[in-house]
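Chemist: generate a structure from the sequence data that follows.
(one chain, ligands or ions: 1)
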Amino acid sequence: PAEQRIEVLPDLESLSQRALEITVEQMELALAARGRFNIVLAGGSTPKSLYERLSQEALPWSAFHVFWGDERYVPPDHPDSNEGMARQAWLDHIPIPAAQIYPMPTFLPDPHQAAAQYHQELLVYFQSLDKPTPDFDLVLLGMGPDGHTASLFPHTPALNVTDQFVTVGEKEGQPRLTLTVPVINQARCVLFLVAGANKQAALGQVLTKTGDPQAYPARLIQPDETLIWLLDQEAGLGWSDE
Ligand code: 6PG
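Modeler: Here you go, the predicted model:
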């Protein structure tokens, strides 16, 4: 990355507040340059506090276009749904036009068909902006204790897919949809939110660039422009701003 930053915050709440500041900064850059903000949401639990903070802000919501980086293969009303979590914490409480929220289609019987459909949706959307491939303004990511990110799990075929924007990931036999590595790396800014002592070991492998990327997929995330890691003290023990 042209710019890589590591920031260690005392706790999840201060990490989420900092993530809000960075999200708004990236939004302002995107609006000034292109009049819209294309953001990719992370799933899991860490980003929920950021989404709740966003729901309290008065931002130019009509300029937001919201996508997901990955999704469990469940309906949005399922407790595991990343879409459901983001809607309950944030999107249901602010006036982003419904047509500017692009959930991953987990209602199709075949996850491969769903991945192809979301790929096509992204292709058409970015072609409408005269872009041949997605160049998201901000991609939010988490990281699992095993070093996975989005639904790019260790030693899975999804890690090496480069000819599709979206592919099928797999966690313990359960299908997931995930953006592929090249799409994430073409983002203008990638922001990792990582909290909790159970992330410490994987973080060490990833940030020291020693872990095998197939074993620690977060290592594959090397955007050309900006990569920011927000860590809480438990996960980021010993790390400080580089
Ligand atoms: C998901 C996420 C996944 C998540 C990590 C961290 O669908 O679960 O996209 O990549 O970011 O597993 O999850 P936590 O934030 O819950 O620790």
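Chemist: show me which residues of the chain sit near the ligand.
Modeler: For the chain, the residues found near the ligand under the criterion CB under 6 Å from any ligand atom are 42-46, 70, 72, 82, 142-144, 148-151. To be clear about C-beta, it is placed using only N, CA and C from the backbone, and glycine gets the same treatment.
Chemist: so which two of those are the farthest from each other?
Modeler: 72 and 143 (16.7 Å; CB to CB).
Chemist: more neighbours: the two, which one.
Modeler: More neighbours surround residue 143 than the other of residue 72 and residue 143, with 28 against 23 (other CB atoms under 10 Å).
Chemist: quickly note the distance from the more buried one to residue 97.
Modeler: As judged by CB to CB, to the nearest Å, residue 143 and residue 97 stand 31 Å apart.
Chemist: now do residue 63
Modeler: Using CB to CB, residue 63 is found at 10 Å from residue 97.
Chemist: apart from its chain neighbours, what residue comes closest to residue 103?
Modeler: Once flanking residues are discounted, residue 103 sits nearest to residue 83: 4.4 Å by CB to CB, 6 or more residues apart in numbering.
Chemist: my guess is that neighbour meets residue 71, correct?
Modeler: Yes. The pair residue 83 / residue 71 is scored as a contact, 6.4 Å apart, by CB atoms under 8 Å.
Chemist: any shared contact partners between these two?
Modeler: Contact criterion CB atoms under 8 Å, 6 or more residues apart in numbering; residues shared by residue 83 and residue 71: 103-104, 106.
Chemist: out of the residues you listed, which is most surrounded?
Modeler: residue 104 leads the shared contacts of residue 83 and residue 71 on contacts (other CB under 10 Å) with 27 neighbours.
Chemist: name the SS class of that residue, please.
Modeler: Here residue 104 is recorded as coil under DSSP: H, G, I helix; E, B strand; the rest coil.
Chemist: tell me the contacts of the residue nearest to residue 103?
Modeler: 68, 71, 76, 103-104, 106.
Chemist: how much distance is there from the helix or strand harbouring it to the middle of the chain?
Modeler: Here residue 83, judged by DSSP states H and E, is contained in helix 82-89. Offset of helix 82-89 from its chain centre (CA atoms, centre = their mean, to the nearest Å): 14 Å.
Chemist: could you give the mean pLDDT of that helix?
Modeler: Averaged across helix 82-89, pLDDT comes to 98.
Chemist: C-alpha coordinates for that helix, CSV please?
Modeler: Presented in CSV, the C-alpha positions along helix 82-89 are these (Å, rounded to 0.1, in the frame of the first residue of the first chain):
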residue,chain,number,x,y,z
ASN,A,82,-24.4,-9.9,8.0
GLU,A,83,-27.0,-7.9,6.1
GLY,A,84,-29.5,-8.3,8.9
MET,A,85,-27.0,-7.1,11.5
ALA,A,86,-26.1,-4.0,9.5
ARG,A,87,-29.8,-3.2,8.8
GLN,A,88,-30.8,-3.6,12.5
ALA,A,89,-27.7,-1.6,13.8
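Chemist: check contacts around the spatially closest residue to residue 171 that is not a sequence neighbour.
Modeler: Once flanking residues are discounted, residue 171 sits nearest to residue 153: 5.5 Å by CB to CB, 6+ apart. With contact taken as CB under 8 Å, 6+ apart, residue 153 is in contact with 146, 169-171, 217.
Chemist: roughly how far does residue 153 sit from residue 81?
Modeler: Using CB to CB, one gets 18 Å for the distance from residue 153 to residue 81.
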